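Student: No sequence on hand, only this structure:
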């Protein structure tokens, strides 16, 4: 399977990082990219590279922006991997945290933001499994279940997944 090309702006984002920071964040990006289920689109959004469900696939979002699934950012003091699929799915979140605890690594994570400063801080295999766990249809099912109903929103779609 060949991966889609990296958008120019994403390439520029990584090129703008100093080498030390890039050496930490780029391997995480590559693991996420390789594990990403089909249907998510890599974009620059909110100042960072991330994968979204494009509006062409799902236009009825609460803020009229594509639904963000995962994003990666080099912050001032640390790097952040935003795993929105975990935040919206308590069972996957609990499994992720349990699996992480079994590694002996410290988990520095908020609701969806995994913070790390060194590559050794993260378990790339666990990250890959977490990213791969939610195909677009399943993420949309969760989104439709947890969003308040709206007269503008169509009835939830039936899926075969």
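Tutor: Yep, it's here. All values derive from a computational prediction rather than experimental measurement.

Student: Longest helix in the protein, please.
Tutor: Longest helix of the chain, by residue count under DSSP state H: helix 19-35.

Student: which helices and strands does that helix pack with?
Tutor: Applying 3 or more CB pairs under 8 Å, 6 or more residues apart in numbering; DSSP states H and E, we find helix 19-35 packed against helix 8-15, strand 67-74, strand 79-83, helix 124-132. To be clear about C-beta, it is placed using only N, CA and C from the backbone, and glycine gets the same treatment.

Student: Show me what counts as buried in whatever helix or strand comes next after the third one.
Tutor: Same thing as strand 79-83. Where DSSP states H and E defines the elements, the next helix or strand beyond strand 79-83 is helix 84-87. For helix 84-87, the buried set under the neighbour-count rule, 16 or more other CB atoms under 10 Å, comprises 84, 85, 86.

Student: One more: stretch 90-105?
Tutor: Quick answer for stretch 90-105 (16+ other CB under 10 Å): 92, 93, 95, 96, 100.

Student: same question, stretch 35-48
Tutor: Within stretch 35-48, the residues that count as buried by 16+ other CB under 10 Å are 35, 36, 37, 39, 40, 41, 42, 43, 44, 45, 48.

Student: Which residue is the nearest non-sequential neighbour of the last one?
Tutor: Leaving aside its sequence neighbours, residue 48 sits nearest to residue 73 (CB to CB, 6 or more residues apart in numbering; 3.8 Å).

Student: what sits opposite the one you found in the beta ladder?
Tutor: Legend: beta-bridge partners of residue 73 under DSSP bridges are residue 80.

Student: Which residues are in contact with it?
Tutor: 47, 48, 49, 79, 80, 82 (CB atoms under 8 Å, 6 or more residues apart in numbering).
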